[in-house]
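S.K.: Okay, predicted coordinates and the sequence, questions at the end:
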Amino acid sequence: MPESSPWVSVAKGFCRDERGQDLVEYALMAGFVSVAGGAAFPPIASTVSGIFSKVMAILDRFA
């Protein structure tokens, strides 16, 4: 039987690891609620867009 590549074992471990999954789900849900709120109430759409722009600027500083 051929020996498995180290990358294969890393990929399998990554797929099984569920740590942080809740954080991603909550972030996606918050984004969805924000976008839906902006669509339902057009006057706040620019405010939501501004918030996302500020968050992206902060994240870019740490990238």
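M.R.: Everything's here; your move.
S.K.: only C-alpha atoms for contact and neighbour calcs from this point on.
M.R.: OK.
S.K.: neighbours of residue 45, just the number please.
M.R.: For residue 45, the count of nearby residues is 17 (other CA atoms under 10 Å).
S.K.: let's have the chain start at 652 instead
M.R.: Happy to do that; since the first residue is 652 now, the last one works out to residue 696.
S.K.: Show me which positions of the helix or strand where it lies end up buried.
M.R.: Following DSSP states H and E, one finds residue 696 within helix 696-713. For helix 696-713, the neighbour count (16 or more other CA atoms under 10 Å) marks 696, 699 as buried.
S.K.: give me the low-pLDDT residue ranges for the chain?
M.R.: Of all residues in the chain, those with pLDDT under 70 make up the ranges 652-656, 661-662, 665-666, 668-672, 714.
S.K.: again, 90 this time
M.R.: Across the chain, the ranges flagged by pLDDT under 90 are 652-679, 681-703, 706, 710-714.
S.K.: for it, which helix is longest?
M.R.: Criterion DSSP state H: the longest helix present in the chain is helix 672-691.
S.K.: Return the list of helices and strands in contact with that helix.
M.R.: Applying 3 or more CA pairs under 8 Å, 6 or more residues apart in numbering; DSSP states H and E, one finds that helix 672-691 contacts helix 696-713.
S.K.: And the contacts of the helix it packs on?
M.R.: 685, 686, 688, 689, 690 (CA atoms under 8 Å, 6 or more residues apart in numbering).
S.K.: what's around residue 686, how many residues?
M.R.: Using other CA under 10 Å: residue 686 sits among 15 other residues.
S.K.: Kind regards, and thank you for your time.
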